[in-house]
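> build me a model:
(2 chains)
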Amino acid sequence: MTTQPDLSQPGPGGTRAYRVEHRTVYSYGAPMTDGYTVTSLIPRATDVQTVIEAAIVLDPPESDRDAYLDGFNNLVNQFGVHESHQVLTITATSVVALRRRETPVDNTSWEQVAGLLAEATGDLAIEAGFFRAPSPFIDLVELGERLRQLAAASFVPGRPIVEAVGALCRQIFAEYAFDANFSSLSTPLGDVLEARRGVCQDFAHLAIGALRSLGLAARYVSGYIETMPPPGEPRLVGADASHAWCSVWTPLAGWVDFDPTNGQLPVNDHITVAWGRDYADVVPVRGVMIGPSTDQTLEVSVDVARQ
Amino acid sequence: MTAGSHRGHDGGVNVTSTAARGFGGIVGVPADLVWQLTDQVALPDRQARVDRLLAAEGAGHLVHDLPVRAGGRSSGVESRPWRLDSIPVVLPSATFRWLSLAVAERMEAIELVLADLYGDRELVRERIVPAEALAASGRYRFDAIGTAPRRWLSTYAVDVVLDGDGVWRVVQDLTDAPAGFGYALLDRSVLSRVMPDVMTDAEVASLARFPAALGRSLAASSPVSSPRIVLFSGGLDHPSYVDHSSLAVQLGINLAEGADLVVRQRRVWLRTLDGLEPVDVLYRRLEDPMVDPLTVAAAGSAGVPGLLQAERSGGLTLANAYGSGVIEGHDLESYIEAAIDRLQPLEMVLPRLGSPGRSLAALPLAASSVERGVDAAPVVVRLFAVHDGAGVRVMPGGIGRVLAPGDDPRFPSALTAKDVWVLGKTTAPVVGPRLPQVDFGRSVPTRAADALYWLNRSAERAEAMARTMRAITSREEQDPSLTGLHGGDWIARMCRIAASVRREYVVANPPSLDSLHTELSKVGDAVALEVGSLLTGATTVREFLSTTTGRVLVHLAELRQSLQQRLTVIDDLDSVLADFAALAGLWLESTVRGPAWRIGDTGRRLERCLVVLDLIEATFDRPVVGAPDRQGDSEADDVDRSAVEVLLAANESLVAYRRRHRSDVEQDAALALLVRDVSNPRSLAASIQRLAEHSTDGEVAIGDDFVRAARAALALPTHEMVPALRGEVLAVGNRVVRQWFSTPVDPIAMGIARIVEPSP
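Numbers count the residues shown, from 1 in each chain, chains lettered A, B, ... in the order given. So this is what the prediction gives:
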């Protein structure tokens, strides 16, 4: 177990603590007899993140609860609710301590990185290999050429990997418009490429696809980010949301996170929950229900508060 | 035999001349056997018998063109009947011995590959199977990483072909849910009846012991000592449903669909009439995206939620284990071969077929099996193996599928199958521990109960409709003067009766001979529809019905065609009625008296009550409009008499009436026979008596209250009795359905949230 840091004082090196509450509410057209859910809601420990407490509470309470590590070592919680319910509420609360990330330094050229990965053996083959291939939301076969074109502006020959990734991140931030009304979960990545608009999840998939099209290893990171209210306005509780960004493998700096939605490399306001090949591997809450009605509404509220 | 070779138009298979190489390129088949099998004189008759028997044995696959299934759900599967060639693929004992050793060795090597790919992943670390290729294949299951099942493969199948150089080559490995065990047994049972002598003389190895070996393998996959095994099928809509149901019958195990199974506390349970019963092994015949909607790779909401967690925590054995399908990844072929070489180099190598264009040996075909003028074609042979805990057993047989020119050998387009004969008593008798015995007579999955209940109701209603149709038609034929009686009153009465038996209580058209014929043809359509739901229901519960019942159902399926083409020919109706009588007789005499039987019988008796009530009501409901004053009118009396005769005939009570009364039919006596006479098995009183007997059995929802109320209703005057009793019967019918069948419902996918954190 890790030693619990003292949260009352700003930690050394800019350590911050956050409390995250992530509430998911399903309302159905009629009482349901069973609900089965799989959740990816508990933050995992990382080099810069310590999980101090974490809990998931269901209403109505579950009859079956299982926890296991998935193929990428994320903690998955699975629930079976077997009492009649017309509303299912899943509330995940966690407190994490974030250390300030150091500025990544790796001047290896991106072509060299791709070359290393193509011949990787040992643990690296497992750690990086699965993140170089097409995945459910990222169709490299269909989009490979267009993604390579997207990447070409930032990935000029011989450019150091971290610098190139930073450039791609800023490029997507500059060229793509945030538009919550444009895309849905079923919008193909090709449409996002075409229209140059979407949400963070789309931008993460886009950046990952661009990197994989070059032979680099990129993974999807699911988590939260602290948002600040406009100057002079109070912070609204529950107005935050889940966030998604990317991580790319480099030989010297390891996995380097970057956030194309915000055009930046995370410093100390990105809370990591889980990572996978894309959104499909780390959906915060998914499942099936059994009952007489297919009508359902889903409401999600997230609150990220600095401790 | 075709000389020369032809090239597939898509760069597909080539066929070389094989006339000089013995039996289609397989060396060592005795000349006299070849002569017997290809005897041009015997072939046409033999093929005709094969076609007929396959239709009879594979009742289920005929049913695939049916519009509805029990409970009114539509079935979206098109019929894909296959044809069995009367000339088998013959493998001499030496050939099979070599093949079986190679297959056994291959299965064991693949087992090691799977264990590594989901365990230590040394193959990935050494880049023998690159992680990128695994991920891109779409068949590698990330949620199976770290699971350590007792065995990955309990069953295994491999498709092989003989090439033009006499080398057997692997077309594909089948490791996910290998299909065809059931078909192989089915094909063999057909050929063994068509050519028993040929088979005995040639000493063809028997498949009779293989189902037991498969059963032992499934049992061995579980740590439980006497595991409860259930076959997990996609149900009637699955393209291989016939394979599933015939195998469930052979293994003597329950067949379950997703909604029949439920996960609680990391265990899987089967919903039965006695409540939830634990399941230890699921013999899954479904590809892995269909087993659990909570897996990442799940295809929609199909399957049993939580199944994989039950497997992961040791409460359930899935055979084959979740994730085994990765071996089938088409783009992984060369990596899997390299992995086998790395982990366990094979001594008996079955090389891959590899790139298209390789020439294949053509095997002889019965004339016109595939297309006119072709009498030989390459055949893909599927061999089956199981691992019973001690070692691999390879089935001494298999299924052959004929390739058409240009076919990808993995997907033969010609739906022609061949049995595979292994000559000589090559395989040692399989000995081993006896299979655990479970009393399946007592366990009735609720879905099966549902189907049994409705199929019996359909049978009863269809029988009454056909008999009513016959009674009216024969009277019209024998005495055409009836149609003019009493200002068309006879026609009006018959229209009313014909409509009521198909649950239509208002007749709109003015009485005319045309409208009567229209009514009768509507009854014919309704019979065809009920026969359809009956057959669909029967197909889903084959394991509860006798083989003979299957034959009768096939015959009914054929008659159903003629029923839909306005059937008024009495011979056809008699033939349908004979089938219904046979079904009812088999139900009574050849079905084990247990919960399954009681549920079906309850459905039958409830429907019989409703039929009698509908017909009594229609018979005595005289149209008022246009009917002249009846007093002393002999024509009106003739119409009444005829109507009562039809009522009795429709309820198969006319003969009983005549034996008893030896006079013209008379209304009160007829009613007495149909309502209160317990000695008449068609009477309301007799049906209620039978329902009363069922009410003493625990699982049945018919209580004493119903019996009391029904008997009280019987004592009422007819016009009050009919609505009172009908109300009781409908209410108890609803109660039965609600109590027994309401639980299984397919899961519905919950929505998932998009990640939309706005940019600051």
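
> now residue 184. Nearest residue, chain neighbours left out?
No chain was given, so I picked chain A. residue B:754 (6.8 Å; C-beta to C-beta, 6 or more residues apart in numbering or on different chains). All C-beta atoms are positioned from the backbone trio N, CA, C, and that covers glycine.

> try chain B instead
residue B:399 (4.8 Å).

> quick check: bridge partners of residue A:223?
In this entry, residue A:223 is beta-bridged to residue A:243, residue A:272, by DSSP bridges.

> OK, contacts around it?
Contact analysis of residue A:223 by C-beta atoms under 8 Å, 6 or more residues apart in numbering or on different chains lists A:43, A:242-245, A:270-274.

> wait, which of those residues is closest to residue B:389?
Distance to residue B:389 across those (C-beta to C-beta) is lowest for residue A:274, with 38.8 Å.

> rewinding a little: how about the residue nearest to residue B:184, what does it touch?
Applying C-beta under 8 Å, 6+ apart, the residues near residue B:399 are B:180, B:183-184, B:187, B:381-382, B:417-420.

> please identify the helix or strand for the residue of chain A found nearest chain B.
Nearest residue of chain A to chain B (C-beta to the nearest C-beta) works out as residue A:129 at 2.6 Å. Assigned by DSSP states H and E, residue A:129 falls within helix A:123-129.

> who's in contact with that helix?
So helix A:123-129 is in contact with A:117, A:120, A:217, A:249, B:121, B:124-125, B:127, B:130-132, B:134-135, going by C-beta under 8 Å, 6+ apart.

> so which bits of the stretch 51-200 of chain A are right by chain B?
Taking C-beta under 8 Å from any C-beta of the partner chain as the contact definition, the stretch 51-200 of chain A meets chain B at A:63-64, A:66, A:68-72, A:78, A:80, A:82, A:119-123, A:125-126, A:128-130, A:132-135, A:173, A:178, A:180, A:183-185, A:199-200.

> tell me where the stretch 201-307 of chain A has strands.
With DSSP state E, counting those that start in this stretch as the criterion, the stretch 201-307 of chain A has strands at A:218-225, A:242-250, A:254-258, A:270-276, A:285-290, A:296-306.

> for residue B:551, find the nearest of those.
The nearest among these, by C-beta to C-beta, is strand A:285-290 at 38.5 Å.

> how about residue B:110, secondary structure?
helix (DSSP: H, G, I helix; E, B strand; the rest coil).

> now for it: which residues touch it?
Counting by C-beta under 8 Å, 6+ apart, residue B:110 makes contact with B:152-153, B:156, B:173, B:175, B:327, B:336, B:340.

> can you do 7 Å?
By C-beta atoms under 7 Å, 6 or more residues apart in numbering or on different chains, the contact set of residue B:110 is B:153, B:173, B:175, B:327.

> ok, back up a step: now the strands of the stretch 201-307 of chain A as a markdown table including distance to residue B:535?
Shown next, in a markdown table, are the strands of the stretch 201-307 of chain A (distance: least, C-beta to C-beta, whole Å):
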| stretch | distance to residue B:535 |
| --- | --- |
| strand A:218-225 | 50 |
| strand A:242-250 | 51 |
| strand A:254-258 | 60 |
| strand A:270-276 | 47 |
| strand A:285-290 | 29 |
| strand A:296-306 | 37 |
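
> coming back round to it: okay, and which of the contacts of helix A:123-129 map to helices?
A:117, B:124-125, B:131-132, B:134-135 (DSSP state H).

> still on that earlier bit, let me know the closest of the contacts of residue B:110 to residue B:469.
Once C-beta to C-beta is applied, the member of the contacts of residue B:110 that ends up nearest residue B:469 is residue B:175, at 53.3 Å.

> quick check: phi and psi on residue B:348?
Main-chain torsions, residue B:348, degrees, to the nearest 10: phi -110, psi 100.

> my read: it touches residue B:99, true?
No: with contact defined as C-beta atoms under 7 Å, residue B:348 does not count as touching residue B:99 (8.5 Å).

> so those two - more neighbours on which side?
Using other C-beta atoms under 10 Å in any protein chain shown as the criterion, residue B:348 and residue B:99 rank with residue B:99 on top: 21 against 13.

> and that one, how far from chain A?
Using C-beta to the nearest C-beta, to the nearest Å, one obtains 36 Å as the distance from residue B:99 to chain A.

> distance check, that residue against residue B:210.
As judged by C-beta to C-beta, to the nearest Å, residue B:99 and residue B:210 stand 16 Å apart.

> residue B:209 - how many residues pack around it?
Using other C-beta under 10 Å, residue B:209 has 16 other residues around it.

> distance of it from residue B:395?
9 Å.

> same question for residue A:87.
In terms of C-beta to C-beta, residue A:87 sits 53 Å off from residue B:395.

> higher neighbour count, those two?
residue B:395 (26 against 13).

> can you report phi and psi for the closest residue to chain A within the stretch 301-450 of chain B?
For the stretch 301-450 of chain B, the residue closest to chain A is residue B:305, as judged by C-beta to the nearest C-beta, at 3.9 Å. Main-chain torsions, residue B:305, degrees, to the nearest 10: phi -60, psi 130.
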